[in-house]
Structures are given as structure tokens and as C-alpha cells.
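[1] What shape does this take:
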Amino acid sequence: MEKQEKNIWQRNYFEKPYGKPFLFYVLFGTDNSSELRPSKSKHNIDGMPEELEIINYSKENDGQKNYIEGFYKDYLGKLLKEKKRELYEKVISCNNVTVIKGEFEDTETFTYLKNTIGIIQAFIETEIIAILDIQTLDWFEPNEWSIKYFAPKLPQVFNHVNILCSKEGNGLWLHTRGMRKFGRPDLSIKNVVENKMELGVEIVNRFIEVFAYGLIPDETREIKIKDMEKGVFGKILGDYENLDFNNFYFELEEI
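    Next comes the predicted model:
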């Protein structure tokens, strides 16, 4: 049983450390956090990751109030208001939030992610209102988050990354958010013409999987899969302050 569990959470392409995986979630309405009872069996955790920070904030403190409101002002608040108006109203009325974040040593397993998911699930059972995933800019209602992340009892790397598409130059720009959760760069392909969108998405998905499972990006390796007229190379760009990714990114030449 232990061998099976280890294999499930193994990063099969891992060779050596690269960037450190970084997780950042904001839980709204954590008024009952004193009732938190994480359980190894119930919440599928091995223990509390030592790198994980759990920090409570309250609007009763003026400085903390500004910090809390910063999570739903501007773009993130507009996004929530447009998609889930009722949840937005609940979020802005919250007095207490808990930030769960951590930068982890890049190891050979997804254990850091599994444990963090279990701890958030334990918070959900104290009847919180909403979860914000800073890495992907996604808002979740508690049950929605549990179904997507906690219910599957094995790694679901694609659930943790968003593929975004926007108009750019002479075509479309495909790019991701969320790969920093695995300590790997996000993906970017610019000027994708409409009839190559399916190919572009397939390429991005392949890199999401192999990077998440530990492969290190290689700027010297030619990339070519089916239906590609020619091979292309990728280049690592950006930094953690880049607003499009909040991460480094691996940008491929035009496909």
C-alpha cells in the first residue's frame, strides 16, 4: 500500500531541483478557524508541511483591512463580480481571511501539494465562504473547490493550471498560469493562427504534464510533434514580478 501511494504522488520525470514550488491561497470567512481539525486519514495528509505558512487577518485591524480588501479590488474583484455576483457580495462582507502559502523544496513527489489541499479541505469543513487561488486568479465556492481538488485522490495537474487565450499581434496568444505551483515556468505561444489552435493547445498540455511531473525546460532541445511543419525551440523569459504570469515562462517560437 505504501509503495502504491508513493508511486501515485511521484514526479516521474524529476531529475534534480529547479525552481521552488510556490502555493498561495486566500480563504474568506475563516471565523471558525479555531475549530480546525486536520486529520491524516480524513484529509489525506501526511502532516503539516514545515514550509507552509497559515496567517490570519482581520478587518478589525486597519492595516490588515487594507490587505484583505486588496484581494477583491480591481481586476480580481471585477472578475468575481461578473461571474459570481452573490459570492462577491459575501466575500466583501467577510471580516476574517486566512492566507495559506508556502515555497517548498523541489522534491520528487507532489506530497507538498497533497498536504496543502488536505489542510484547505479541513478549513472548508469549518464553513468558510470562498477560496481565491492567486496563482490561477480563480475564485471558488467551497464545495466547488472540494470537488475539483480534494475529491480526486491522485494528482490532477491540469486542474491546477489555466490555459488562457487572447488576441495578440497577427494571431492568438496561448499562455498558462499556475505552473509555479510545480516550480516550473509557465508556457507561452504567440501568433497562433486559428487553424493551429488545436495543435497549440496540445503542445501546451504536453508541457504542462511533463513540467509538472518534474521535467526541466531545455532551450537547446528542438520541439516537434505531429502536424508541425517544422521543429521549434523555446526560450525561458520573465521573472516572478511579471504580471502576466507572476512566474518565469517558456516561450515557444511560432508553430
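[2] surely residue 159 meets residue 148?
    Yes. Between residue 159 and residue 148 there is a contact under Cβ atoms under 8 Å: 5.6 Å. Any C-beta I mention is one placed from the backbone N, CA and C, and that applies to glycine too.
[3] neighbour-wise, which of those two wins?
    residue 148 (15 against 12; other Cβ atoms under 10 Å).
[4] Next up, phi/psi of the closest residue in space to residue 154 that isn't next to it in sequence, please.
    The shortest distance from residue 154 to any non-neighbouring residue, by Cβ to Cβ, 6 or more residues apart in numbering, is to residue 8 (5.0 Å). Dihedral pair for residue 8: phi -60, psi -40, per degrees, to the nearest 10.
[5] Now name the helix or strand holding residue 235.
    strand 234-239 (DSSP states H and E).
[6] That strand: which residues count as buried?
    Buried residues in strand 234-239, counted by 16 or more other Cβ atoms under 10 Å: 234, 238.
[7] Not counting the following helix or strand past it itself, show me its contacts.
    Downstream of strand 234-239, the first helix or strand assigned by DSSP H and E is strand 247-252. Here strand 247-252 makes contact (Cβ atoms under 8 Å, 6 or more residues apart in numbering) with 19, 175-177, 179-180, 185-190, 203, 207, 211, 217, 223, 232-240, 242.
[8] repeat that for 10 Å
    Outside strand 247-252, the residues within contact range by Cβ atoms under 10 Å, 6 or more residues apart in numbering are 19, 22, 135, 174-181, 183-190, 192, 200, 203-204, 207, 211, 217-219, 223, 232-242.
[9] Of the residues you listed, keep whichever come out buried.
    Neighbour counting with 16+ other Cβ under 10 Å marks 19, 22, 135, 174-181, 183-190, 192, 200, 203-204, 207, 211, 217, 223, 234, 238 as buried within the contacts of strand 247-252.
[10] Next step: the contacts of strand 247-252 restricted to strands.
    Assigned to strands by DSSP state E, the following of the contacts of strand 247-252 qualify: 22, 174-177, 186-190, 192, 234-239.
[11] And residue 50, how close does it get to residue 41?
    Computed as Cβ to Cβ, to the nearest Å, the residue 50 to residue 41 distance reads 21 Å.
[12] what's across from the residue nearest to residue 179 when sequence neighbours are not counted in the sheet?
    Once flanking residues are discounted, residue 179 sits nearest to residue 186: 4.5 Å by Cβ to Cβ, 6+ apart. Beta bridges link residue 186 to residue 249, judged by DSSP bridges.
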